[in-house]
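>>> need a structure here:
(2 chains)
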Protein chains: 2
Amino acid sequence: MPRTAAALIIGNEILSGKIVDTNTTLLARMLFDLGIELRRVVVCPDEIETIGKDLGELRTTHDFVFTSGGVGPTHDDVTIDGVAESFGRPVVRSVATEKMIRDYHGDRTTEAHLRMANMPEGAEMIRSSNAPWPTVVIENVFVLPGVPEIFERKLADLRKRLDEGYEFHSQAVYTLCDEGEIAGLLERIAEHFPGVMVGSYVKWQAEDYRTKLTFDGTDPKLVAEAADMLVAELDPKLFVRRD
Amino acid sequence: MPRTAAALIIGNEILSGKIVDTNTTLLARMLFDLGIELRRVVVCPDEIETIGKDLGELRTTHDFVFTSGGVGPTHDDVTIDGVAESFGRPVVRSVATEKMIRDYHGDRTTEAHLRMANMPEGAEMIRSSNAPWPTVVIENVFVLPGVPEIFERKLADLRKRLDEGYEFHSQAVYTLCDEGEIAGLLERIAEHFPGVMVGSYVKWQAEDYRTKLTFDGTDPKLVAEAADMLVAELDPKLFVRRD
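Predicted coordinates:
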C-alpha cells in the first residue's frame, strides 16, 4: 500500500484569484516522485475554525498532511491557531525561534514579527540551512508557508525525511488518435495491467500530437509493457513518439 | 450576503502533478468579478464514490458548485456518474446531444464518443455557440470539462446567467514595508473598515516593491478610504505606487 497524503492550501487570495497557487503542483510532483499518493487537496479561507475542521478530517484519513499559507506576521495569518485547534492544544511561543527572530530584526522587532515563533504546544521545529525560519511539524502535519520560494525550499528539506525508496515510473505515448476511438483499447490495457494507471490527455491547441497517453506505476516493467501494448495495437499512422 | 460558490476539480492527473490546474484561477477571477464568494476548492481523484460524496457536501453548503474534469470519453471519465450518484438519480443519455455527436463523427462514432451524451436524469443541457457540446447543469451544479480552452469558453457562456450586478472593487498599494512592521497598522485598518478585506503579500524575489497591500470590497468608497488610511499613515519613504 502506498503512503497517502493530502494538502490544505490556506488563503483568501487564492480563492479570490488574486494569487495563483503554484505550491500544489510542486508538492504533487515531489510526492509522486517519492511514491506517496496525493489523494486530496482542499483550498480554504483564512479562518481558524475552517482550518481546524478541515485539518481534523485530512490528518486522520491520510498518512501526511501539508499545509501552505497563513503563517506570516499579519492579522490574517491564522494557520497556527487553526492547526492548534485541530489538535486541541494551546498555541505557545518557541523560545528558540523567538531568539532567531530577535537576532534578525534587532531593535526593530515587533510583536507581529514574534507571531512567527508561535506553534501548537508540543510541535517539532525543524531547522533548515535553506530557509530563514524553522518548519512547524506536529505529528503527521507539516506547516509550510505560502510564499512559493520559501515553500519550495522547505519542501526540498523535507524530501529526505519522507523518502523511503519507493517511486513511481512513468511512460508517455503521443498519438494523433481521437480519444473516443481508442477509449476501448485504453480500457483493455487498464484491465490487463491493474497496477498501472492509464491516463489520456487531449491537446486542443496546435501541437505535433492530439492525444497523450500516460502509464504510471511502481513496477517499471509493467509500466513499459502497458505502453508496449498500446503501441503494438495502435494504427502506426497515428503514432507520433514515446518518452 | 454575497452568494457563495465551491469548486470540485476532478482528476488524478492534477494530484500526480502531471497537469497544472489553471481552471481554478479562471473560475476564481470570474466569481470575484461577479461578487460571488468562492469559499472552497476540493481536488479529488477520478472515483465515482469520492466525487459523489464531495459533491453532496459542497452543493448543500454553497449556492453554486462548479466541477472541472472527468467528462471525456475514456474509462477514467466518471464525473457524470459521480454527479448522478450525489443526486441519487440514474445516468441517462441526452437524445439531443447524442444526435450532435453522431452528426459530428458520422460513421466513426463509437460507444466511447456517445458517453459524452450521458447526463444525470433531469439535468439541463445548456447549448453554447462557443463550445462543441452542451454543458450539463443540475440544480446548482455546473459540470465543466477539464481541458482549459473548453473550460474557459463554457465559463464565459455561464457568466451572463450568474451576473446579478454585484461586484467587488479592489485597490492595491505597493510598499517597501516589512510585513511585521506594518501588521499593527493593517489590523487597525481592518477593524476600522469591517466591509473591506485587507490583504498583505510579500514578494521575495526582486521587484520594485517588497509588500503589496490589497483592499477589496463591494463598496468602492470604503475600499478607497481604507487604502487612503494606509497611505496617510505610512512612512512616505516606503510608498512605491498605488493602483
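>>> Can you pull out the low-pLDDT segments for chain A?
Applying pLDDT under 70 to chain A picks out residues A:206.
>>> can you rerun that using 50?
Chain A contains no residues with pLDDT under 50.
>>> domains in it, as residue ranges please.
Listed domain ranges for chain A are A:4-162, A:170-242 (source: automatic domain parsing).
>>> How far off centre is the longest one?
In terms of C-alpha atoms, centre = their mean, to the nearest Å, the gap separating the centre of domain A:4-162 from the centre of its chain is 12 Å.
>>> got the contact list for stretch A:174-191?
Stretch A:174-191 is contacted by residues A:196, A:198, A:200, A:202, A:208-213, A:226, A:229-230, A:233-234, A:237-243, B:72-76, B:105, B:108-113, B:115-116 when judged by C-beta atoms under 8 Å, 6 or more residues apart in numbering or on different chains. In short, each C-beta sits where N, CA and C put it, glycine included.
>>> Tell me what A:S200 is bridged to.
Note on A:S200: beta-bridge partners by DSSP bridges are A:L213.
>>> Contacts only, for it.
A:179, A:182-183, A:186, A:211-214, B:72, B:74, B:76.
>>> quick one: the closest residue to A:F239 other than its chain neighbours from chain B, how far?
Nearest non-adjacent residue to A:F239, counting by C-beta to C-beta, 6 or more residues apart in numbering or on different chains: A:T175, 6.0 Å away. Distance of A:T175 to chain B, computed by C-beta to the nearest C-beta, to the nearest Å: 13 Å.
>>> Can you get me a residue count around A:T175?
Around A:T175 there are 23 other residues, counting by other C-beta atoms under 10 Å in any protein chain shown.
>>> List the buried residues for stretch A:136-155?
Under the neighbour-count criterion of 16 or more other C-beta atoms under 10 Å in any protein chain shown, stretch A:136-155 has A:136-138, A:141-148, A:150-155 buried.
>>> Keep only those of those residues that are in helices.
Here DSSP state H is the test, and the buried residues of stretch A:136-155 give A:148, A:150-155 as lying in helices.
>>> Tell me which helix or strand the residue nearest in space to the middle of chain A sits in.
Most central in chain A under C-alpha atoms, centre = their mean is A:L27, positioned 2.8 Å from the mean C-alpha point. Per DSSP states H and E: A:L27 is located in helix A:23-33.
>>> restrict the ones in helices among the buried residues of stretch A:136-155 to contacts with chain B.
Of the residues in those, proximity to chain B by C-beta under 8 Å from any C-beta of the partner chain holds for A:I150.
>>> Show me which of the ones in helices among the buried residues of stretch A:136-155 is closest to chain B.
Chain B has its nearest neighbour among those in A:I150, at 6.8 Å by C-beta to the nearest C-beta.
>>> That closest one: what's it in contact with?
A:131-132, A:144, B:204.
>>> related to what we said a few turns ago, need the contact list for the residue nearest to the centre of chain A.
Counting by C-beta under 8 Å, 6+ apart, A:L27 has contacts A:7, A:38, A:66, A:68, A:155, B:17.
>>> Leaving out chain neighbours, which residue sits closest to the fourth one?
Once its chain neighbours are removed from consideration, A:S68 has its nearest residue in A:N23; the separation is 4.5 Å (C-beta to C-beta, 6+ apart).
>>> Was I right to think A:H169 contacts A:D216?
Yes. Using C-beta atoms under 8 Å, A:H169 is in contact with A:D216, at 7.0 Å.
>>> all strands of chain A, in order?
For chain A, applying DSSP state E gives strands covering A:4-10, A:37-44, A:64-68, A:91-93, A:118-120, A:124-126, A:135-138, A:141-144, A:169-175, A:197-202, A:211-217, A:239-242.
>>> What separation do you get for the residue nearest to A:D46 when sequence neighbours are not counted and B:T67?
Nearest non-adjacent residue to A:D46, counting by C-beta to C-beta, 6+ apart: A:D76, 4.6 Å away. To B:T67, A:D76 is 29 Å away according to C-beta to C-beta, to the nearest Å.
>>> ok, back up a step: report the set of residues contacting both of A:H169 and A:D216.
Residues touching both A:H169 and A:D216 (C-beta under 8 Å, 6+ apart) are A:V223.
>>> quick one, which of the two is more surrounded?
Taking neighbours as other C-beta under 10 Å, A:H169 and A:D216 compare with A:D216 leading, 21 against 16.
>>> Now do that one against A:V198, distance only.
8 Å.
>>> again, but for A:L55
Going from A:L55 to A:V198 by C-beta to C-beta gives 33 Å.
>>> Could you do A:D163 as well?
From A:D163 to A:V198 the distance is 27 Å (C-beta to C-beta).
>>> picking that back up, make JSON lines out of the contacts of A:I150 and add distance to A:A190.
As requested, the contacts of A:I150 are exported to JSON lines (distance: C-beta to C-beta, whole Å):
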{"residue": "A:A131", "distance to A:A190": "41"}
{"residue": "A:P132", "distance to A:A190": "46"}
{"residue": "A:L144", "distance to A:A190": "35"}
{"residue": "B:W204", "distance to A:A190": "43"}
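>>> quick one: which two of those residues are the most distant?
Largest separation among the contacts of A:I150 by C-beta to C-beta: A:L144 and B:W204, giving 14.3 Å.
>>> show me the contacts for the closest residue to A:R3 other than its chain neighbours.
Leaving aside its chain neighbours, A:R3 sits nearest to A:D63 (4.4 Å; criterion: C-beta to C-beta, 6+ apart). Contact analysis of A:D63 by C-beta under 8 Å, 6+ apart lists A:3-5, A:36, A:140.
>>> 7 Å instead, please
The neighbourhood of A:D63, defined by C-beta atoms under 7 Å, 6 or more residues apart in numbering or on different chains, consists of A:3-5, A:140.
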